[in-house]
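S.K.: no sequence on hand, only this structure:
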């Protein structure tokens, strides 16, 4: 093992030791689904079964806290996948540039990329899918073209199909990965591309066909319904501004500056943001990311071989960007299917030619800037202080929670909701009593149905013997800026609608200050209002007239 590779591995170990994920995504949901045996979601057909399989031995050893055990298994898979990813990026960078130093530099750039460093320390499926995509690319490119036989190429195709099975959006990288030998080495590698494509097609058909058959999905309508469930009700979170910001956030942490930009765009009346307020936010980070992308493109354009690599990068970027423009454009993970070819292009751009100077300077600036941003957001002491602030808010509430109780927050940006989902292994979250439910989710179907869903949740909680504790924010006539509400982010939602809804309900015991919690009473009035609300949910105009349906107090 060369000292360059040792440096890469040591850097990855150090980066993941000194930081932690500040957003765990759906890790908690994955663990609960695995424990409940819900294993066959279309978007992750292999991720749930893999988590179930690898957590079985751990559950046998530590059965007392099954959720935490499954989460640890998923996080462990991600960490190993992250290590494999940086090693493969190093190999590909060294291969295309002819320099171990360049391979090391490219691997460092991957390590400090925000989406990679965050998600590799979670239980989500994005980094394992990335590792498999990189492995397929390595099998196709990390050898002389004539050395890549049919068996090796077919294996690369099978691995590529596995990556798609882990997280379906990696299908967007498939055309570029399959075309990489053809574009980089010429038509003499056509047989390699054909063999890889055949392997991928056969493996994908076997994976999805067998699962669909086992679920009894033998009709087009059944398949469509299965696919539709993987969208989780997300709709309308798209557009060019979100995409441009999402790309930057994928590479560099932006903190809550996306919310501030959003307030500026929608002219939030509760938290106005001026042009001057935007100056000095994440502008330098956005410039840093697009300067890196621009430097890579310019460097590739200046060389004949580089143009081939650029064509490959465009082939990869086209589907990824198009999909992002149509669905969930602001998510950092949305652009990870672009990572394999982007870092491959970066390695090619950094090779020892005079035109590489711009790319080298941009990459150095990116590695330094992204490291600073990572440390400010993800360093373990920073996260510990953030967690302690939330624990202090719920310390008085937790002893009053029953196993079936629910704590209600306005949205997922509430720090209490974020704490339960982003710090699931914290002792305060392992008691089994702190279960948080968020009311609204802009850009999803819940923006319309949140009243019905909350009414059903409250009635079910009371039926199970639990209490419903609401965040007292819902009783405020207007939100504070620090509550992370953006008025106008979804035209179907308004703070006035939330306030009006809860102002008609009976509340009891209060805990904490005016930003604390209040007990929603299981009173005849509340029950009657919720039942009446649910009885009217079949009305097509119900979502717009729900407050009226509740009637006066």
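M.R.: Cool, got the structure. Only a predicted model underlies this, so the values are computations on that prediction, with no experimental measurement involved.

S.K.: hey, where'd the strands end up in the stretch 451-553 of the chain?
M.R.: 468-471, 507-511, 517-520 (DSSP state E, counting those that start in this stretch).

S.K.: so which of the ones you listed is the most packed in?
M.R.: strand 468-471 (a mean of 24; mean count of other Cβ atoms under 10 Å). The way it works is simple: take the backbone N, C-alpha and C, and place the C-beta from them, glycine included.

S.K.: quick one, helices of the stretch 251-400 of the chain?
M.R.: Assigned by DSSP state H, counting those that start in this stretch, the helices in the stretch 251-400 of the chain fall at 257-266, 275-278, 283-301, 304-326, 339-349, 357-378, 380-394.

S.K.: right, and the ones you listed - which one's nearest residue 157?
M.R.: Residue 157 lies closest, by Cβ to Cβ, to one member of the helices of the stretch 251-400 of the chain: helix 339-349, at 14.9 Å.

S.K.: and the helices of the stretch 251-400 of the chain, which is most packed in?
M.R.: helix 339-349 (a mean of 28).

S.K.: now that one: average pLDDT?
M.R.: Per-residue pLDDT over helix 339-349 has a mean of 95.

S.K.: lowest-confidence stretch among the helices of the stretch 251-400 of the chain?
M.R.: Among the helices of the stretch 251-400 of the chain, helix 275-278 carries the lowest mean pLDDT, at a mean of 80.

S.K.: assess the claim that residue 291 and residue 362 are in contact.
M.R.: Yes. Residue 291 is within contact range of residue 362, at 5.2 Å (criterion: Cβ atoms under 8 Å).

S.K.: tell me the contacts of the most centrally placed residue in the chain?
M.R.: For the chain, residue 333 is the residue whose C-alpha lies nearest the centre (Cα atoms, centre = their mean; 4.7 Å). Neighbouring residues of residue 333 by Cβ atoms under 8 Å, 6 or more residues apart in numbering: 25, 115, 119, 124, 126, 250.

S.K.: what's around the fifth one, how many residues?
M.R.: Think residue 126. As a burial measure, residue 126 scores 28 neighbours (other Cβ atoms under 10 Å).

S.K.: that one and residue 306: what is the separation?
M.R.: 29 Å (Cβ to Cβ, to the nearest Å).

S.K.: redo the helices of the stretch 251-400 of the chain as a markdown table? Include distance to residue 424.
M.R.: Below are the helices of the stretch 251-400 of the chain laid out as a markdown table (distance: least, Cβ to Cβ, whole Å):
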| stretch | distance to residue 424 |
| --- | --- |
| helix 257-266 | 23 |
| helix 275-278 | 34 |
| helix 283-301 | 28 |
| helix 304-326 | 28 |
| helix 339-349 | 26 |
| helix 357-378 | 16 |
| helix 380-394 | 11 |
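
S.K.: to residue 243, which of the ones you listed lies closest?
M.R.: helix 304-326 (5.0 Å).

S.K.: what's that closest one packed up against?
M.R.: Applying 3 or more Cβ pairs under 8 Å, 6 or more residues apart in numbering; DSSP states H and E, we find helix 304-326 packed against helix 174-185, helix 240-251, helix 283-301, helix 339-349.

S.K.: to residue 470, which of the ones you listed lies closest?
M.R.: helix 240-251 (30.6 Å).

S.K.: ok so, going back, just the contacts of residue 333: which are in helices?
M.R.: Assigned to helices by DSSP state H, the following of those qualify: 115, 119, 126, 250.

S.K.: can you tell me which of the residues you listed is nearest residue 321?
M.R.: Among these, and counting by Cβ to Cβ, the member closest to residue 321 is residue 250, at 11.8 Å.

S.K.: surely the closest one meets residue 118?
M.R.: No. Look at residue 250 against residue 118 with Cβ under 8 Å: they stay out of range, at 9.9 Å.

S.K.: find residues that contact each of these two.
M.R.: In contact with both residue 250 and residue 118: residue 332, using Cβ under 8 Å, 6+ apart.

S.K.: and the helix ranked longest in the chain, what does it pack against?
M.R.: Longest helix of the chain, by residue count under DSSP H: helix 66-97. Other helices and strands packing on helix 66-97, by 3+ Cβ pairs under 8 Å, 6+ apart, are helix 3-18, helix 27-36, helix 47-61, helix 100-112, helix 114-119, helix 126-141, helix 339-349.

S.K.: so for the fifth one, what's the average pLDDT?
M.R.: Averaged across helix 114-119, pLDDT comes to 97.

S.K.: before we move on, what about stretch 57-69?
M.R.: 89.

S.K.: end-to-end on that stretch?
M.R.: Terminal residues of stretch 57-69 lie 10 Å apart, using Cα to Cα, to the nearest Å.

S.K.: going forward, begin numbering at 25 instead of 1
M.R.: Renumbered: residue one is now 25, and that last one reads stretch 81-93.
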